[in-house]
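A.B. asks: What follows is a protein structure lacking sequence information:
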């Protein structure tokens, strides 16, 4: 018998070779029905996994990220099997689970169309009904290569050839279909209850634009149809909120073919951007930050010193100046290190908080570009906090509080992840342990629930990531707090301690917006273009019913502008209903409608985007209401 410790601490005894699925049934038939995978001693496992020694066991359902990924990974295999059944000459590339679904890349001698997707999806549903068992088997490397060559799967052969000589290669079989795969999977295709194919895109093999362009089919899978229907409804809502479409319609920004990935901000977009930056400065000034500005181009040697060259050069742009090599900065960190190093610091100066709205450039593949969400140049609202080790917890708590204040202003909820040491990291085990424990202690002191994301930290330190949840349920990773012992060492940063000796500071790297461009894109979609009054490019539109009220309207416009209100007029010779509808389409928070009665009484008729007709009021009443909304940054969806 072996002892199995469950998530709640309860211990049960089972015989050796008992499958995880049988243990799930023993715990609860309801849990067995909902189970898609497991963690055994913290490692991902399958329901088919046999337990042969004492262990910790966690049964995973669709509520767990790894449970969702296991289900959807099987969905990608069902997609590949359906394509091979329908188009036997298709070559298989890769097919992982991703956030909200899965995809598979294919090499075929024709172009997939929506009609093909309908046919493939129908075949997938047939495979699900066939209740095919997923069976894992392993082969030595050379046998695995031979096996895939016999099946004429050249992309799989290339993947296997890149593995070490002594690697044991795993495959999964479901019916007559076999795929190279590390797993995990659900026990049967029948577990994938509800699937939907969503779109087709191009994708370079292994993400390299020098390689062949393949065709990528995206899909998703859910444990029941109602969940899938909810998700598809959310996707339809997301289409209506597409920031690229709304950005163009509302005159906020554009991306031209002369500069792919390099956004142009138009006057109304600059209003939103400047308000966000002003708010950022206001909050950071109150929190004791000092603003700096560092150059966009710096000598290549600096990036070797910082470690970015070894870990990030593929994403950087380069140039020559006076026959010397320079790099366009992909990050602001090294510049902040030089600013700190330029002066001698005492322990009395710490913590030193330096903030920067720094423009950075990163090379992104053309296929990855997406409006403001994925661009090649963007402004990071960076800050670097230099401190003693004793100040770590308090400073991280201060940043957590600041980020919380920011997100609440925009009506966002969020959840938190702690990301630990990645494989390609710099620094000693001791430094990493101290940094990770420092972040963990701050999160626990703040009383925040968090998830540990193993191995996803920055190359120089662990980090806390903040994931926003917008009004239709999508999540966006924006804010981050990274604790760094490495760059202060590489740049030989010091401060004079109480003992009169030199000591090494610790650095926090942190962003709140993340990328201002991306944050604007998120806000456009979150608000569906209908910005709250304090953030709206145009806060008030004045509409006249007759030409007789135009002069009165111009007087009101002048008075509102003098009070700092962003106002436009529409005195065209059009029907008032037409002008109101146009202002509504332009998402203007308030309209002032002027007729003979309003002019004679010296009042204004006010219409709200949200609440409709508010009736007649004095200009002073209206501006008082408006200024309260703006001053308090009232967030209304």
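C.D. replies: Structure received. Bear in mind the structure is a predicted one, so any value in this text is a computation, not a measurement. Numbering: from 1, shown residues only.
A.B. asks: Which stretches in the stretch 1-150 of the chain count as helices?
C.D. replies: Taking DSSP state H, counting those that start in this stretch as the test, the helices found in the stretch 1-150 of the chain are 20-27, 29-34, 65-86, 114-129, 141-150.
A.B. asks: Check which helices and strands the last one sits against.
C.D. replies: Judged by 3 or more Cβ pairs under 8 Å, 6 or more residues apart in numbering; DSSP states H and E, helix 141-150 is in contact with helix 154-161, strand 168-174. (C-beta placed from N, C-alpha, C; glycine too.)
A.B. asks: Which residues belonging to the first one are considered buried?
C.D. replies: For helix 154-161, the neighbour count (16 or more other Cβ atoms under 10 Å) marks 155, 156, 157, 159, 160 as buried.
A.B. asks: The shortest one now?
C.D. replies: Within strand 168-174, the residues that qualify as buried by neighbour count (16+ other Cβ under 10 Å) are 169, 171, 172, 174.
A.B. asks: Quick one: the helices and strands packed on helix 141-150 as a markdown table, columns for distance to residue 609 and mean pLDDT too.
C.D. replies: Formatted as a markdown table, these follow (distance: least, Cβ to Cβ, whole Å; pLDDT from 0 to 100):
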| stretch | distance to residue 609 | mean pLDDT |
| --- | --- | --- |
| helix 154-161 | 52 | 94 |
| strand 168-174 | 53 | 94 |
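A.B. asks: Make a markdown table out of the ones you listed and add distance to residue 405.
C.D. replies: A markdown table is the format used below for the helices and strands packed on helix 141-150 (distance: least, Cβ to Cβ, whole Å):
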| stretch | distance to residue 405 |
| --- | --- |
| helix 154-161 | 47 |
| strand 168-174 | 48 |
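A.B. asks: and residue 215, which of these is closest to it?
C.D. replies: Closest approach to residue 215 among those (Cβ to Cβ): helix 154-161, 12.8 Å.
A.B. asks: Which of the three states applies to residue 554?
C.D. replies: Secondary structure, DSSP: H, G, I helix; E, B strand; the rest coil: residue 554 is helix.
A.B. asks: what about it, distance to residue 267?
C.D. replies: As judged by Cβ to Cβ, to the nearest Å, residue 554 and residue 267 stand 21 Å apart.
A.B. asks: And for residue 628?
C.D. replies: Using Cβ to Cβ, residue 628 is found at 26 Å from residue 267.
A.B. asks: what do you get for residue 385?
C.D. replies: Between residue 385 and residue 267 the distance is 35 Å, computed by Cβ to Cβ.
A.B. asks: do residue 381 as well
C.D. replies: According to Cβ to Cβ, residue 381 and residue 267 sit 22 Å apart.
A.B. asks: Compare those two (neighbour count), which wins?
C.D. replies: residue 381 (25 against 9; other Cβ atoms under 10 Å).
A.B. asks: residues in contact with the more buried one?
C.D. replies: Counting by Cβ atoms under 8 Å, 6 or more residues apart in numbering, residue 381 makes contact with 280, 355, 356, 357, 511, 512, 513, 514, 516.
A.B. asks: List just the nearest of these to residue 115.
C.D. replies: Lowest distance from residue 115 to these (Cβ to Cβ) belongs to residue 514, with 39.5 Å.
A.B. asks: Would you agree that closest one is in contact with residue 382?
C.D. replies: No: contact criterion Cβ atoms under 8 Å: residue 514 and residue 382 do not qualify, at 9.9 Å.
A.B. asks: Looking at those two, which one has more neighbours?
C.D. replies: Looking at residue 514 and residue 382 with other Cβ under 10 Å, you find the greater number of neighbours at residue 382, namely 24 against 21.
A.B. asks: With residue 380 as the reference, measure out to the residue lying closest to the more buried one once chain neighbours are set aside.
C.D. replies: With sequence-adjacent residues excluded and distances taken as Cβ to Cβ, 6 or more residues apart in numbering, residue 382 is closest to residue 332, at 4.3 Å. Distance from residue 332 to residue 380, counting by Cβ to Cβ: 6 Å.
A.B. asks: quick one, which of the two is more surrounded?
C.D. replies: Legend: neighbour count by other Cβ under 10 Å for residue 332 and residue 380, higher for residue 332 (27 against 24).
A.B. asks: So the more buried one is in contact with residue 355, correct?
C.D. replies: No: here residue 332 lies out of contact with residue 355, judged by Cβ under 8 Å, at a distance of 10.0 Å.
A.B. asks: Please identify every residue contacting each of these two.
C.D. replies: Common contact partners of residue 332 and residue 355 (Cβ under 8 Å, 6+ apart): residue 382.
A.B. asks: Report how many residues lie close to the residue lying closest to residue 613 once chain neighbours are set aside.
C.D. replies: Nearest residue to residue 613, sequence neighbours excluded (Cβ to Cβ, 6+ apart): residue 607, at 5.5 Å. Using other Cβ under 10 Å, residue 607 has 19 neighbouring residues.
A.B. asks: Can you mark which positions in the host helix or strand of residue 607 are buried?
C.D. replies: According to DSSP states H and E, residue 607 maps onto strand 604-608. Within strand 604-608, the residues that qualify as buried are 604, 605, 606, 607, counting by 16+ other Cβ under 10 Å.
A.B. asks: And the buried residues of helix 154-161, which is closest to residue 583?
C.D. replies: Of these, the one sitting nearest to residue 583 (Cβ to Cβ) turns out to be residue 155, at 54.4 Å.
A.B. asks: my read: the closest one touches residue 107, true?
C.D. replies: Yes: with contact defined as Cβ under 8 Å, residue 155 counts as touching residue 107 (7.0 Å).
A.B. asks: so what's in contact with these two at the same time?
C.D. replies: 91, 93, 205.
A.B. asks: Which residue, other than its chain neighbours, is closest to the last one?
C.D. replies: Distance criterion Cβ to Cβ, 6+ apart; nearest residue to residue 205, sequence neighbours excluded, is residue 211 at 3.9 Å.
A.B. asks: The first one too?
C.D. replies: In this structure, residue 91 finds its nearest non-sequential neighbour in residue 107, 3.9 Å apart by Cβ to Cβ, 6+ apart.
A.B. asks: starting at the chain centroid, how far to the strand or helix carrying residue 518?
C.D. replies: Using DSSP H and E, residue 518 falls within helix 516-527. Counting by Cα atoms, centre = their mean, to the nearest Å, helix 516-527 is centred 12 Å from the centre of its parent chain.
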